[in-house]
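**Q** Dropping the sequence and predicted coords here.
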Amino acid sequence: MIARWCTMAMIGIILFWGVAANADENSDLNLIPQGVTQPQSPTPEPPTASAGNQRIYLENAAVASSLRSNLLVPFPPPSPPDWQERLFLDARKQWQVNDQLSFTLSDRFNLRAESDIAVPSHENVINEFREGYVSWQLLERTYLDAGRINLKSGAAIGFNPTDFFKTRAVVEPLSVDPTVLREDRLGTLMVEGQHIWEGAAVLVAFAPKLYNPTAVYNNSNLRSLDPSFDRTNANDRLLIKGNVTLYDDLAPEFLVYRQGNQTSFGANVTESIGQKTVAYAEWAGGERSSLIDAALRYGHETGTLPPNASGALPEDPRRHFQNQLSVGASYTTESKITFNLEYHFDQAAFSRRDWDNWFRIGAANVGSPSIPRELWFIRSYALDQQEPISEHSLFLRADWVDAFVPNLELVGFINTDLYDGSSLVQLEADYYLSNAWTVGGLVIADLGRKHSDFGSLPQAGSALLKLARYF
Amino acid sequence: MRFPHLALAIALAVRSISAQAETAQQIIAASDQVRNPGEPFRSTDTLIEYIGGKPRNQDVLVVYSKLNPATQQYRNLIRYLEPPRDQGKMVLLDGKSLWFYDPNSKASVRISPQQRLIGQASIADVLTVNFAIDYTGTLLGDETIQDPQHQNRQCWHLDMKAANDQASYNRVEYWVEHGTDYPIKAKFYSDSGRLLKILYYDGFEQRLGRFRPSKAIIVDAVDTSLATTVAFGEVTAQDIPEAWFQRDYLPRLQAQ
């Protein structure tokens, strides 16, 4: 009797437990928004597949900057603007003529006003003709492209030693985020061929010299409607790169690059580690002169610096095999934040001794304008070439999607000079009001002591507000 | 004398557990065949994000899927058609090899499996995946639950644990209907055991040879004011060359 009662009780408990569990499961249905479960709930007609071949948007951005006074090494005129207003139309579109032939155009048309630019003047209009090329599929998975092409390489985020066509390609950026600089830059006039096998690919690109090198531009003498081929086609350049899958997902990429009479080599490798981490390394090396020597030679060649002037900094005209390295990892948290941490090394850039010389000689020659001009030219040359100024640096970037509230994306990075601890910091927030509208803002700060890399810059920081409409 | 009986009992228990595990795996595999056409296909999926019950954003993605015979898992290539700011971006998912390609920067960036889960409407929600490959299932029992139309469905209740690094989630609770093998409901959990999403399959209709779900309703379990519907649009069988599933092909993929 007791056994039967116990059995009945057990069955009762199990049944109750099951009903309770199912009731709990069915309560999940209450979380579904009303209307979406209707069998005929309306689903808007999806766009055509060709919609993926374009991106067009109009953006207005207003920038205010804070400038430093009493710099240790005075910045030669013109000073950076303390405000800027920019309205631009940015368009990328690909036309598929037939299965074998396509045409791609990418352009940004800017209207701008700045504290240091007269209105109206031709400087109010800057057109960035980024790309315009024809792509022809010669054979199955064999392609020939010709025109102005943005050819990019590199596994890292903050510094790409193997991105050989990055030099002089950035015109006037609103953001200093390296991922944005990779997006908004000029392509190079070139012919490239590519063949893709299963698990391997080879690309060969040749860009001819069409112009002699021109002086480094500043924000008040940018070309207006000129396509600026002088920036991108001032040397004969040849790139051969290929990758092959060795096993599983390991597919390193190798590069050989020749510019003028200099040959460089490069490699990229990435590897996924577990669920949340991707490790990567990017290396380039070749016979190069130091940054100081390359900058001064360029300054003399383009007439920016007097041809017979002796350098203020000790020069080493010899070429050495110099290495550049970017090694790091990305890590994504469960809360949807992706971090990238990278170490950057550029053997040709400033060593600690170079920095000491730069500050010592600059501070001792404040009264002699030619010396600070030459010293600052070296730094503007490095910026124009998109090369690090310092030999060792650390880069940390974070990207948080749906931060705090849905549709808010926060992106920030810090680039720290490991010699003096000074840093470039940028924080950006974008809120997607709708599929068409985005409102956002960003803050940039150069942090550090007066006697430091980022602390010695004329701009202490800036703030930007923007509104974009996508079409 | 008791020892042989104990050994026999353990042996029977082990055999029973392994038989149950095999059954669970078979149920999951049968359900995979309902969700996923066996042949290579292309679908255009529309994801609508709801905030507080109101539709807010819409993503439209073209998904190309093809079974890798070596792994019995699907390779996926995803191309964004909407929103306008993301048009043309692509994601390649082939085993451990995951790449994000942005035609604006013309850069391919390798991403981690965790990055598939970013966003209210995430890539993981539209991937074609054989659960039986990525998860090891255990049969928890037999339950009657309601589907999104509040119809009772007699289901197997399964507990699935990630079997490899390619699994999008660490753990999934899964309800599969008896007889039809229709997937009815799933609950997805993070590594830390937190419930992330509740998913209901809905709108079973004839597609590429059999009845398959045409819609998924996903509730964000962390912030329950958020929900997403995925309308699996037109599904078309399409021959997809092997070469498509590598990063160098991404810039060459034509809209079709």
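**A** Arrived safely, thanks for sending.
**Q** could you measure B:Y74 against B:S97, distance?
**A** Relative to B:S97, B:Y74 is positioned 13 Å away (criterion: Cβ to Cβ, to the nearest Å). The way it works is simple: take the backbone N, C-alpha and C, and place the C-beta from them, glycine included.
**Q** My error: substitute A:L433 in the last question.
**A** The span separating A:L433 from B:S97 equals 35 Å under the rule Cβ to Cβ.
**Q** what's around B:T224, how many residues?
**A** Summarising burial for B:T224: neighbours were counted as other Cβ atoms under 10 Å in any protein chain shown, giving 12.
**Q** State the pLDDT value of it.
**A** In the predicted model, B:T224 carries a pLDDT score of 90.
**Q** residues contacting the residue nearest to it when sequence neighbours are not counted?
**A** Spatial nearest neighbour of B:T224, chain neighbours left out: A:L31 (5.1 Å); criterion: Cβ to Cβ, 6 or more residues apart in numbering or on different chains. When contacts are counted by Cβ atoms under 8 Å, 6 or more residues apart in numbering or on different chains, A:L31 touches B:198, B:219, B:224, B:227.
**Q** could the residues you listed go into JSON lines alongside secondary structure?
**A** Listed next are the contacts of A:L31 as JSON lines, based on DSSP: H, G, I helix; E, B strand; the rest coil:
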{"residue": "B:I198", "secondary structure": "strand"}
{"residue": "B:V219", "secondary structure": "strand"}
{"residue": "B:T224", "secondary structure": "coil"}
{"residue": "B:A227", "secondary structure": "strand"}
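**Q** Show the buried residues in those residues.
**A** Buried positions within the contacts of A:L31, assessed by neighbour count (16 or more other Cβ atoms under 10 Å in any protein chain shown), are B:198, B:219, B:227.
**Q** among the residues you listed, which are within reach of chain A?
**A** B:198, B:219, B:227 (Cβ under 8 Å from any Cβ of the partner chain).
**Q** ok, the closest residue to chain B within the stretch 51-200 of chain A - contacts?
**A** Using Cβ to the nearest Cβ, the point where the stretch 51-200 of chain A gets nearest to chain B is A:E183, with a distance of 4.1 Å. Contacts for A:E183 were tallied using Cβ under 8 Å, 6+ apart; they are B:102, B:104-105.
**Q** If we check chain A, which of those residues are in contact?
**A** B:102, B:104-105.
**Q** Among those residues, which one lies nearest to A:H344?
**A** Proximity of those to A:H344 was ranked by Cβ to Cβ; the top entry is B:S105 with 19.1 Å.
**Q** so which helix or strand takes in the closest one?
**A** Assessed by DSSP states H and E, B:S105 sits outside every helix and strand.
**Q** rewinding a little: now the contacts of A:E183 in CSV, with distance to A:S79 and pLDDT?
**A** Output for the contacts of A:E183, formatted as CSV (distance: Cβ to Cβ, whole Å; pLDDT from 0 to 100):
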residue, distance to A:S79, pLDDT
B:D102, 35, 93
B:N104, 32, 90
B:S105, 31, 89
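**Q** Quick one, which of these are buried?
**A** Applying 16+ other Cβ under 10 Å to these, the neighbour count classes B:102, B:104-105 as buried.
**Q** tell me the SS of residue 222?
**A** Assuming you mean chain A. Per three-state DSSP, the local secondary structure of A:L222 is coil.
**Q** Having no further points to raise, I will conclude here.
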